[in-house]
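[1] How does the following fold in three dimensions:
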Amino acid sequence: MINNKWIFRSLLIGVVVSIMSCSNSKENKTASAEKPISVNVNTPGNSTANSLSLSGRIEAVQSANISTRIMGYITKVYVKTGDKVQKGQLLFSVNNEDIIAKRAQADASVTQAEASFNSAQKDFDRYTALFGKQSATAKELDNITLQYKSAKAGLEAARQMRNEVNAQLSYTNVTAPFGGIVTQKLIDAGNMATPGMPVLSIETNSLLRVTATVPETQISEVKIGNDAILAINAAGTTLNGKVSEISNSSQNSGSVYIIKISIPEGDRKNLMAGMYVNVSIPVADRSFAESNTSAIMVPLSSIVHKGELDGIYTISSDNQALLRWVRLGKTVNDKVELLSGLARSERFIVHADGDLYNGVAVKIAE
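    Next up, the predicted model:
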């Protein structure tokens with residue numbers, strides 16, 4: 001009897017706990033259902049109807065690859081990547097022992113030529129005076145004149161040879177052609193330098209511009225002086241520029257035309273060459289603008305990234321959040337183009353007051 005009573009009590013307790021658990025679960029589900037997440041929704045918009053969207057990069061107006069004009073081992077590099085240099089500053093040196101030896105030979109040749117010339121000049125002056133007194137024949141004067149001219153030409157040749165050696169010697173100490181920043185150091189001391197092979201790269205970081213490419217179907221809409229909106233995500237800024245150059249040929253640029261956009265001097269702070277830029281150029285031709293409105297644009301903040309996949313939350317007919325995978329296109333300012341995954345008439349969630357996941361109940365904020 002005692003065992004039976006104990007078993008009965010245990011079963012009774014289990015039933016009560018189960019009923020309470022079910023009651024709490026129902027209460028939680030009811031509470032969850034009664035508290036949907038408040039969200040703000042929108043429908044996809046078009047790209048700016050009167051603007052042309054392009055991709056570009058910031059580049060230095062003045063840049064150069066620095067190399068040497070002679071072959072030799074680099075003895076020392078005086079700068080490193082990131083250093084600021086002034087015009088005429090010594091950048092690197094090339095071994096010049098053989099050229100110094102050639103210069104010594106050239107100096108000796110000049111000394112010898114000068115001695116020959118001085119002797120020939122004295123003979124020329126003396127025979128000229130004797131010929132005037134009729135103490136020397138014309139033949140003798142002609143011979144002395146030829147010797148004088150030959151000695152003079154020999155001296156000039158020796159001097160020019162020395163100038164050539166001095167020029168070669170100057171090439172062993174390479175200086176900066178303009179002031180800027182060293183962006184690349186390609187060779188270290190001890191390596192062999194050859195003519196035309198870059199050793200350093202220098203850019204003027206204070207003078208920057210944007211280079212963008214325009215398809216041939218749209219190049220007719222771009223004019224010199226057009227305003228351009230420059231969205232630079234890396235710097236977290238949006239600037240206003242102007243089209244300063246337009247290429248008239250696409251032969252060497254893959255059927256696209258290259259344009260240059262100037263950046264105002266006061267807006268170049270925190271910008272660096274190589275940064276990507278989203279360019280938007282207003283278009284005057286209305287017919288062209290209407291043909292450029294097919295792109296579906298949504299705010300960048302509404303895109304969800306999971307691994308290598310991109311998605312956006314939509315709303316089902318029963319007000320539940322549904323994650324839709326999409327394929328992204330160009331980014332223009334704070335919006336991104338959707339190439340696939342969302343219809344133009346579908347609603348998507350722009351902002352939520354809580355964490356979203358598939359199936360969670362949502363309520364559209366008024």
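
[2] residue contacts, the closest residue to Gln89 other than its chain neighbours?
    Using CB to CB, 6 or more residues apart in numbering and skipping residues adjacent in sequence, the residue nearest Gln89 is Ala176, 4.8 Å away. For glycine as for every other residue, the C-beta is placed from the backbone atoms N, C-alpha and C. By CB atoms under 8 Å, 6 or more residues apart in numbering, the contact set of Ala176 is 66, 85-89, 91, 202.

[3] Next, name the residue at the spatial heart of the protein.
    Nearest to the geometric centre of the chain sits Gly274, at 1.8 Å (CA atoms, centre = their mean).

[4] on that earlier part again, going through the contacts of Ala176, which ones are buried?
    66, 85, 91, 202 (16 or more other CB atoms under 10 Å).

[5] Okay, and which of these map to strands?
    By the criterion of DSSP state E, membership of those in strands covers 66, 85, 91, 202.

[6] Could you tell me how many residues sit around the residue nearest to the first one when sequence neighbours are not counted?
    Just to be clear, that refers to Ile66. Excluding the flanking residues, the one nearest Ile66 by CB to CB, 6+ apart is Leu200, at 4.4 Å. By other CB atoms under 10 Å, the residues close to Leu200 number 24.

[7] now swap in Ala343 and tell me
    Residues near Ala343, counting by other CB under 10 Å: 11.

[8] And the longest helix anywhere in the chain, what does it pack against?
    In the chain, with assignment by DSSP state H, the single longest helix is helix 97-132. Judged by 3 or more CB pairs under 8 Å, 6 or more residues apart in numbering; DSSP states H and E, helix 97-132 is in contact with helix 138-170.

[9] If you count neighbours, what's buried in the next helix or strand after the helix it packs on?
    Counting by DSSP states H and E, the element after helix 138-170 in chain order, helix or strand, is strand 173-175. For strand 173-175, the neighbour count (16+ other CB under 10 Å) marks Val174 as buried.

[10] Quickly run through the sheet partners of strand 173-175, with directions.
    strand 90-94 (antiparallel) (DSSP bridges).

[11] residues making contact with the strand it pairs with?
    Outside strand 90-94, the residues within contact range by CB under 8 Å, 6+ apart are 66, 68, 70, 72-79, 85, 171-176, 193, 199-200.

[12] Quick one: mean pLDDT over it.
    Averaged across strand 90-94, pLDDT comes to 94.

[13] on that earlier part again, specify the angle between the longest helix of the chain and helix 138-170 in degrees.
    Between helix 97-132 and helix 138-170, the angle comes out at 160 degrees (axes from the mean of the first three to the mean of the last three CA atoms, to 10 degrees).
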